[in-house]
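Trainee: Show me how the following folds:
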Amino acid sequence: MHNLNLDAIEQSAVKAQREPDSLRQHVELAGDWQNDQGQPQFRAMIPYPQGSVEFTADFPPPLGGSGAAPSPLAYCFWGGLACYAMTFATEAARAGVDVRALHGTVEADVDMSRSLGTSNNPPVEEIRWTLQVASDASAETIEQLKRLADDRCPGAYCIRNPINLVTAVLA
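Mentor: As a prediction, the model looks like this:
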């Protein structure tokens, strides 16, 4: 349902009840700075179960990039929205709610002044995710699915809760 393998989801949930660590997944991604003028500044091959895809990122021109690729924040914003929309669709499928279409939009106002060292303003004060859902489900059902997505979406959790960040620069 909804391009989701519900059997795999339910099997994973049952397994997680028996073996809580079974769904812990280590993620390690790496990329390289690119020195070629006018090319995206950062490049990585991102693996996934059936292959890999190239991601490139470039700062916008006010921050010294050429704008030759999406900014790093665009990936963060889009990834969060994708996670939220996918969580909503998953919860709808698990509840047997038909969703004919699902469109997501992310909005944020970005203040680049901190990146340039000219202020202490937060770069982003608010991120807005909006889902447009085409379904015959009642407004109450859609609201319940929203609450489940709000609670269960890993992207929403990461944004709403402080997460320990450990940085290192090796020479």
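
Trainee: Run through who's touching the longest helix belonging to the chain.
Mentor: Ranked by residue count under DSSP state H, the longest helix found in the chain is helix 72-94. Residues from elsewhere that reach helix 72-94 (C-beta atoms under 8 Å, 6 or more residues apart in numbering): 1-4, 6, 9-10, 42, 55, 57, 59, 70, 98-99, 102, 104-106, 108, 110, 123-124, 127, 129, 131, 133, 135, 137, 145-146, 148-149, 152-156, 158-159. Heads up, the C-betas are built off the backbone N, CA and C, glycines and all.

Trainee: same deal with stretch 110-125?
Mentor: Outside stretch 110-125, the residues that touch it by C-beta under 8 Å, 6+ apart are Pro60, Pro62, Leu63, Leu73, Ala108, Asp109.

Trainee: would TSV of those residues with pLDDT, distance to Ala82 and secondary structure be doable?
Mentor: Formatted as TSV, the contacts of stretch 110-125 follow (pLDDT from 0 to 100; distance: C-beta to C-beta, whole Å; DSSP: H, G, I helix; E, B strand; the rest coil):
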residue	pLDDT	distance to Ala82	secondary structure
Pro60	94	21	coil
Pro62	93	26	helix
Leu63	93	24	helix
Leu73	95	14	helix
Ala108	97	15	strand
Asp109	97	21	strand
